[in-house]
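Peer 1: sequence unknown, structure follows:
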């Protein structure tokens, strides 16, 4: 006897946030260009994301292999670096503020399922990454998480709860290991 009935799964009131023609254009044209390893031109990829509704600031650098589910639900501030093979799985909105480093193969997950429901209902929640943060390679950010200003999520760690500002986190689930201290910025202001 099955207690889970995936055959009765529906998205209920969830909407991808764009008409089907726009989703298809993104799937067949926009997405392949943005994630291409053969077109390593960041400005072209930024232009394509903007064309499909993303809000992207100046000085953003997109590396090859970046995947974006729905660009119309993506906001990237100024001077952010998005590393190779980052997966922005944004069923809900994702906001990356300014001066953020997202290293190789980071996974942003905005969708989940209600495992208490026999129909495995979809649940989505936005992700926000505050300015000056660094998400190290192969780290993962769960639905609804806010990464505090200047926080660091270390190599391969998994953020399932909000991260406090200016704190370094490690592990699965990620826990605070020490404060992040920035050396003097006098040279930057000279």
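Peer 2: Sure, I can see it. Since we're looking at a predicted model, the values are computed, not measured.

Peer 1: which regions of this protein lie under the pLDDT threshold?
Peer 2: Within the chain, the stretches with pLDDT under 70 are 1, 187-190.

Peer 1: and residue 56, what does it touch?
Peer 2: 46, 49-50, 74-76 (CB atoms under 8 Å, 6 or more residues apart in numbering). Using the backbone N, CA and C atoms, a C-beta is placed for each residue, glycine as well.

Peer 1: Sorry, wrong one. I was asking about residue 35.
Peer 2: By CB under 8 Å, 6+ apart, the residues touching residue 35 are 64-67.

Peer 1: roughly how far apart are it and residue 13?
Peer 2: To residue 13, residue 35 is 30 Å away according to CB to CB, to the nearest Å.

Peer 1: cool, and residue 162?
Peer 2: 26 Å.

Peer 1: out of the two, which sits in the more crowded spot?
Peer 2: More neighbours surround residue 162 than the other of residue 162 and residue 13, with 13 against 6 (other CB atoms under 10 Å).

Peer 1: who's residue 129 bridged to?
Peer 2: Bridge pairing for residue 129 (DSSP bridges) gives the partners residue 96, residue 147.

Peer 1: surely it meets residue 99?
Peer 2: No. Taking contacts as CB atoms under 8 Å, residue 129 lies outside contact range of residue 99: 10.7 Å.
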